[in-house]
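> sequence? don't have it. structure:
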């Protein structure tokens, strides 16, 4: 096949994966993660809905969006301001126990913070509740891996550096982001040209991640293997989190054992599910340490 013919096919395939008229959510572009039904998913659910009542489960005095019944994964695009854009990008995986998605406190609010650092953000709405049979977070990991490839395949379009695309996750989303960063192979069969693009993130930020350690807290759970090719990570958790702090500690120790750059912050108090909202707990300033790490690691330095 001639190089010109091959380029034409790639361009056609790339355009096919973009909505002809991009779906907009509050004037923001929304990309479909998959062109059709995600591979192997025949789940039928009621329509998507916010299950919060605006009164219970308040964080810093404010309610939290609890989006349920997601069957069509999407990425909502939050471009960095042109005047301060660094070229870096992050795919954000909200938490919610693989039952719902906390789309504001661990999604849109995080995107706004990243925009303030000059980073373009992509909030991933992955499939919930967890699909069965199979591992609890499998669908989330598949969606995260696909999302990273999709963002990288459209790097020029979004004016980002394909070598500075990170992933960030909270709680169950931290599990999805962490597993997506660790696994060297895709957890689903390749479907199209997007899947020919690398799904490996260049860095990862995991906030109070869930279910990464084994039940004894003595190491990572079976099936999770760090290597020297695992991307650098920033990890944060509070000691009084009901989700064992071993999830962050054991990930850090595994990264250290393989010479992978990593930074771990364990705060005395803060609980779980705080996102970036200001509270009276020590953990409330963690995002400043994450910003310091991003800057010191060079992820916020524009490429010349």
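Everything's here; your move. It should be emphasised that the depicted structure is a prediction, and the values quoted were computed from it without experimental measurement.
> In stretch 57-69, which residues are buried?
Neighbour counts over stretch 57-69 (16 or more other Cβ atoms under 10 Å) mark 59, 63-68 as buried. Bear in mind the C-beta positions are built from the backbone N, C-alpha and C, glycine included.
> which two in those are spaced the farthest apart?
Spatial extent of the buried residues of stretch 57-69 (Cβ to Cβ) is set by the pair 59 and 68 at 18.0 Å.
> So which of the buried residues of stretch 57-69 belong to helices?
Nothing among the buried residues of stretch 57-69 maps onto helices, per DSSP state H.
> Out of the residues you listed, which is nearest to residue 268?
For these, the nearest to residue 268 is residue 59 (18.9 Å; Cβ to Cβ).
> That closest one - nearest residue in space that isn't next to it in sequence?
Nearest non-adjacent residue to residue 59, counting by Cβ to Cβ, 6 or more residues apart in numbering: residue 277, 5.4 Å away.
> wait, what's in contact with the nearest residue to residue 299 once chain neighbours are set aside?
In space, and not counting its chain neighbours, residue 299 is closest to residue 88: 5.1 Å by Cβ to Cβ, 6+ apart. If a contact means Cβ atoms under 8 Å, 6 or more residues apart in numbering, then residue 88 has 118-120, 160-161, 164-166, 294, 299-300 as its contacts.
> And for residue 28?
Contact analysis of residue 28 by Cβ under 8 Å, 6+ apart lists 76-78.
> Mind doing that once more with 10 Å?
By Cβ atoms under 10 Å, 6 or more residues apart in numbering, the contact set of residue 28 is 22, 76-79, 108, 111, 123.
> for the stretch 51-200 of the chain, what spans make up the strands?
Secondary structure of the stretch 51-200 of the chain, counting by DSSP state E, counting those that start in this stretch: strands at 67-68, 74-78, 89-93, 120-125, 165-170.
> can you redo those as JSON lines with mean pLDDT?
Below are those laid out as JSON lines (pLDDT from 0 to 100):
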{"stretch": "strand 67-68", "mean pLDDT": "97"}
{"stretch": "strand 74-78", "mean pLDDT": "98"}
{"stretch": "strand 89-93", "mean pLDDT": "99"}
{"stretch": "strand 120-125", "mean pLDDT": "98"}
{"stretch": "strand 165-170", "mean pLDDT": "98"}
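> Rebuild those as TSV, extending it with distance to residue 238.
Output for those, formatted as TSV (distance: least, Cβ to Cβ, whole Å):
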stretch	distance to residue 238
strand 67-68	25
strand 74-78	27
strand 89-93	19
strand 120-125	24
strand 165-170	13
